[in-house]
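*Asks:* Predicted model follows, preceded by the sequence.
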Amino acid sequence: MEEEQKKWLYYAIPVVVAAGIGAALYWGRSHRQAEQQAKQPPAIAQPEATTPATEPPVRNPLEETPPPQPLPSIEESDPPLQESLSGVFGRALDPFLVPKNIVRHTVVTIDNLPRKKTAVQMWPVKGIGGELTATGNGEELTLSADNYARYEPVIKIVQNTDTAQLVALYKQYYPLFQEAYVGLGYPEGYFNDRLVEVIDHLLATPDVPGPIKLRRPSVNFEFVDPELESRSSGQKLLIRMGSANAAIVKDKLRQLRSAIAKQAPPPG
């Protein structure tokens, strides 16, 4: 099985880590601008504009929370960030975390989750090895329930994580994540908007209770259902981890979204 399928167990961790590492934004600045505009004298009526309205550049601004001390540069952020993560996760994350380029790798991974492929070498976490296993033989293959049990260490981290602590850490380190996101080639982008968008994408993953039929046309397994096979790498992860595990991850994602998003979730 290809490398990304060997390691799909840990897509869930980057989402939790990203939602727990960052923040201090531009809400305060936007709010002050609005107050200044309100104090200006009323303008003389002008002809109605003919250009269409544009979407606000920031849809989900975070309330500004200055860090207790100046943040390091991205290049020097790994040691203090790893220490801060230990304050949230204890030592539970240590076996999985790759303590190098944590900020950039987390941003890249989050940005890639709604896509078909992800850059495995850029993951902020380690894979545990092993391959997806199927039961049956020939053309009667289904995803083995043994795969679901391999998620237990990750699911325990997700369940035991304090959402308030995650959000506080996210707000503290957000400027670095924003800088890394701009550096990906989004000069007008806002990372918190992208994170909320990715969370919504993952929450839209259908519940597939099983059995989940597979095929193996070559060395790699595929979903027999073309609708499932066409889904993104992040949504395939939630399907492969099983309904019970996916429900736990989705519940945590909803908590995180509620804490960092200004816009209501999409209907459905």
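*Replies:* That came in fine, so what should we check first? The structure displayed is predicted, hence computed values, not measured ones.
*Asks:* hey, where'd the strands end up in the stretch 101-250 of the chain?
*Replies:* For the stretch 101-250 of the chain, strands defined by DSSP state E, counting those that start in this stretch occupy the ranges 134-135, 141-143, 213-215, 222-223.
*Asks:* strands paired with the third one, and their directions?
*Replies:* What that stands for is strand 213-215. When pairing is defined by DSSP bridges, strand 213-215 lines up against strand 141-143 (antiparallel), strand 222-223 (antiparallel).
*Asks:* Go through the longest one and flag the buried ones.
*Replies:* It refers to strand 141-143. Using 16 or more other CB atoms under 10 Å as the test for burial, strand 141-143 gives Leu141, Leu143. Glycine gets a C-beta too; all of them are placed from N, C-alpha and C.
*Asks:* Same question for stretch 210-222.
*Replies:* Buried residues in stretch 210-222, counted by 16+ other CB under 10 Å: Ile212, Lys213, Leu214, Phe221.
*Asks:* list the contacts for the third one?
*Replies:* Translated: Leu214. Each residue near Leu214 by CB atoms under 8 Å, 6 or more residues apart in numbering is listed here: Ala134, Leu141, Thr142, Leu143, Phe221, Glu222, Phe223, Val224.
*Asks:* could you redo the last one with a cut-off of 6 Å?
*Replies:* In this structure, Leu214 makes contact with Ala134, Leu141, Leu143, Phe221, judged by CB atoms under 6 Å, 6 or more residues apart in numbering.
*Asks:* ok so, going back, I'd like the strands of the stretch 101-250 of the chain written out as JSON lines, with mean pLDDT added.
*Replies:* Converted to JSON lines, those look like this (pLDDT from 0 to 100):
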{"stretch": "strand 134-135", "mean pLDDT": "86"}
{"stretch": "strand 141-143", "mean pLDDT": "92"}
{"stretch": "strand 213-215", "mean pLDDT": "93"}
{"stretch": "strand 222-223", "mean pLDDT": "92"}
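*Asks:* For Asp111, find the nearest of the ones you listed.
*Replies:* Nearest of the strands of the stretch 101-250 of the chain to Asp111, taken as CB to CB: strand 222-223 at 23.9 Å.
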